[in-house]
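1. This is the structure alone, sequence omitted:
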């Protein structure tokens, strides 16, 4: 049976891990990417995710050398995102050891980008990130460039379009909930995972063990966790034990070199 | 020495890192001479079947591979798309000829909802516990990392060594003589994956 995935998501800024609130505020230092990856590998988490949060704004790509070092140390899947605008940049990251890439801004800016990337690297390689927030009229709208540039795009319609463009997975990030540890956006997770045939990775808002279960119950195939791992005493082992006790299929095995 | 065949598609670095971690000498190559010198060959692959066959053709590695695997009978390990390539044909984006080493077809996964495609994540295996490949693997902890939309359908059931359940049996490992291939990524399956790679190295040392 396929297991639900628990994925620590790390934000990279200037070669270090950070974590903030609402994409912009109160960034806190959270350690060295490579040593942190090793710790979570030992915890037996199911995947890792790295996002260079300034890459698009600064018009550059996430640092390949960090990825190379991670791939020398941990033997588990990881996804890398941040500033990807060309197919060659994706090829470089995959060659550095990444298994999947996440694409956010470029998917909005270049209507054909996801389709071309999926065609060259395979659908399963392409994770499309949806960063969204509620606008003053209460509707959810997509944002790009690390949450700084708004759009008229509705996340639900857009997710369907990305599936039609051969995205392998959808990574759903609520800017309003990011770093708040107040729970995932369950309505949208439920609506999108009901409608789509591709897996949904729910992100933004995990603060308690119950939040994790709620997101999976709503239909997510995987959940990402950042603040809760970095700034609370909830370890991946506690999350897994809780989920398993509550009837979710999760992996029991520990990580590498255990 | 292990030769990982590089035809421009696939996460060869992670594979090389995994074998290096196990203490094996490993070379990433597209050179027939290096494949000649190698005791074992690994065929990786990520992406689309047709593109991979075309890339292998352009790199000129198909003929050397045929020689190493089918004439010299060197141990071959295919991984993910590298597994599917050993089949006769695939229907991924049109009809494509494969290497044809295993009598099998590659077809699209079509599990009933709510199961999603691609099949992404850790899934359990149904495997023969006494087989050398699975020495040291505990059944209840035998989860491996899959990421694929197509799967291999074997004409000869005896070629299928292990399966996973994803809306029905899905071929996870095939083996025929010197050819071993895995749909999941052992190099991304933490301790269990490293163990399979080590078991393959140990077994192929006796070939």
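-> Sure, I can see it. Worth saying up front: this structure is predicted, and the values here are computed from it rather than measured.
2. Mind pulling the model confidence for residue 14?
-> Since no chain was named, I'll use chain A. pLDDT for residue A:14: 79.
3. should've been chain B
-> For residue B:14, the model assigns a pLDDT of 91.
4. Just list the residues touching it, thanks.
-> A:71, A:75, A:97, A:99, B:185, B:187-188 (CB atoms under 8 Å, 6 or more residues apart in numbering or on different chains). Using the backbone N, CA and C atoms, a C-beta is placed for each residue, glycine as well.
5. try 7 Å
-> A:71, A:97, B:187-188 (CB atoms under 7 Å, 6 or more residues apart in numbering or on different chains).
6. lowest-pLDDT helix or strand in chain A?
-> Within chain A, no helix or strand scores below strand A:25-31, which has a mean of 76 by mean pLDDT, DSSP states H and E.
7. Can you give me the buried ones in that one?
-> Neighbour counts using 16 or more other CB atoms under 10 Å in any protein chain shown place residue A:30 of strand A:25-31 among the buried residues.
8. ok, the nearest residue to residue A:20 once chain neighbours are set aside - contacts?
-> Spatial nearest neighbour of residue A:20, excluding adjacent residues (CB to CB, 6 or more residues apart in numbering or on different chains): residue A:27 at 4.0 Å. By CB under 7 Å, 6+ apart, the residues touching residue A:27 are A:13, A:18-20.
9. Report all helices and strands that the helix or strand hosting residue B:145 contacts.
-> Residue B:145 is located in strand B:143-148, with elements delineated by DSSP states H and E. The helices and strands touching strand B:143-148, judged by 3 or more CB pairs under 7 Å, 6 or more residues apart in numbering or on different chains; DSSP states H and E, are strand B:119-124, helix B:190-205.
10. in its sheet, what does the following helix or strand past it sit against?
-> Scanning forward in sequence from strand B:143-148 by DSSP H and E, the next helix or strand is strand B:150-154. Note on strand B:150-154: by DSSP bridges, its sheet partners are strand B:102-108 (antiparallel).
11. per-residue confidence averaged over the strand it pairs with?
-> For strand B:102-108, the per-residue pLDDT averages 97.
12. Which residues does that strand contact?
-> Counting by CB under 7 Å, 6+ apart, B:49, B:84, B:86-92, B:149-156, B:159, B:174, B:176, B:179 sit against strand B:102-108.
13. so where do the strands sit in the chain?
-> Reading this off chain A. Taking DSSP state E, the strands of chain A run over residues A:5-13, A:16-21, A:25-31, A:48-52, A:78-81, A:100-103, A:126-134, A:140-144, A:149-150, A:169-174, A:200-203, A:222-225.
14. Switch to chain B, please.
-> B:2-5, B:26-29, B:40-43, B:76-79, B:87-90, B:96-97, B:102-108, B:119-124, B:143-148, B:150-154, B:160-165, B:169-176, B:179-182.
15. what's in contact with the last one?
-> Same thing as strand B:179-182. B:69, B:76-79, B:82-83, B:86, B:101-102, B:172-174, B:200.
16. And for the fourth one?
-> Strand B:76-79 is touched from outside by B:15, B:41-45, B:69, B:85-86, B:178-182, B:185-186, B:200, with contacts defined as CB under 7 Å, 6+ apart.
17. repeat for the second one
-> Counting by CB under 7 Å, 6+ apart, the neighbours of strand B:26-29 from elsewhere in the structure are B:1-6, B:12, B:16, B:19-20, B:34-35.
18. which among those residues gets closest to residue A:130?
-> Closest to residue A:130 out of the contacts of strand B:26-29 is residue B:12 (30.9 Å), distances taken as CB to CB.
19. And that closest one, how far from residue B:126?
-> According to CB to CB, to the nearest Å, residue B:12 and residue B:126 sit 29 Å apart.
20. for residue B:78, same thing?
-> 20 Å.
21. Tell me which of the two has more neighbours.
-> Neighbours were counted for residue B:78 and for residue B:126 using other CB atoms under 10 Å in any protein chain shown; residue B:78 has more, 28 against 12.
22. Around chain B, pick out the residues from chain A.
-> With CB under 7 Å from any CB of the partner chain as the criterion, chain A meets chain B at residues A:1-3, A:5, A:44, A:46, A:71-72, A:75-77, A:94-97, A:99, A:120-125, A:168-169, A:197-199, A:221, A:251-253, A:255-256, A:258.
23. Quick check: which ranges of the stretch 51-200 of chain A have low pLDDT?
-> A:55-63 (pLDDT under 70).
24. Where is pLDDT lowest across the contacts of strand B:26-29?
-> Minimum confidence in the contacts of strand B:26-29 sits at residue B:12, scoring 88.
25. That one touches residue B:45, doesn't it?
-> No - in this structure residue B:12 lies outside contact range of residue B:45 using CB atoms under 7 Å: 9.5 Å.
26. The stretch 101-250 of chain A: helices as residue ranges?
-> Per DSSP state H, counting those that start in this stretch, the stretch 101-250 of chain A carries helices over the ranges A:105-109, A:113-121, A:155-164, A:186-195, A:209-217, A:227-231, A:236-245.
27. Switch the ones you listed over to a markdown table; also include mean neighbour count and distance to residue A:175.
-> Below are those laid out as a markdown table (neighbours: other CB atoms under 10 Å in any protein chain shown; distance: least, CB to CB, whole Å):
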| stretch | mean neighbour count | distance to residue A:175 |
| --- | --- | --- |
| helix A:105-109 | 21 | 14 |
| helix A:113-121 | 21 | 21 |
| helix A:155-164 | 18 | 11 |
| helix A:186-195 | 18 | 13 |
| helix A:209-217 | 21 | 17 |
| helix A:227-231 | 20 | 14 |
| helix A:236-245 | 17 | 23 |
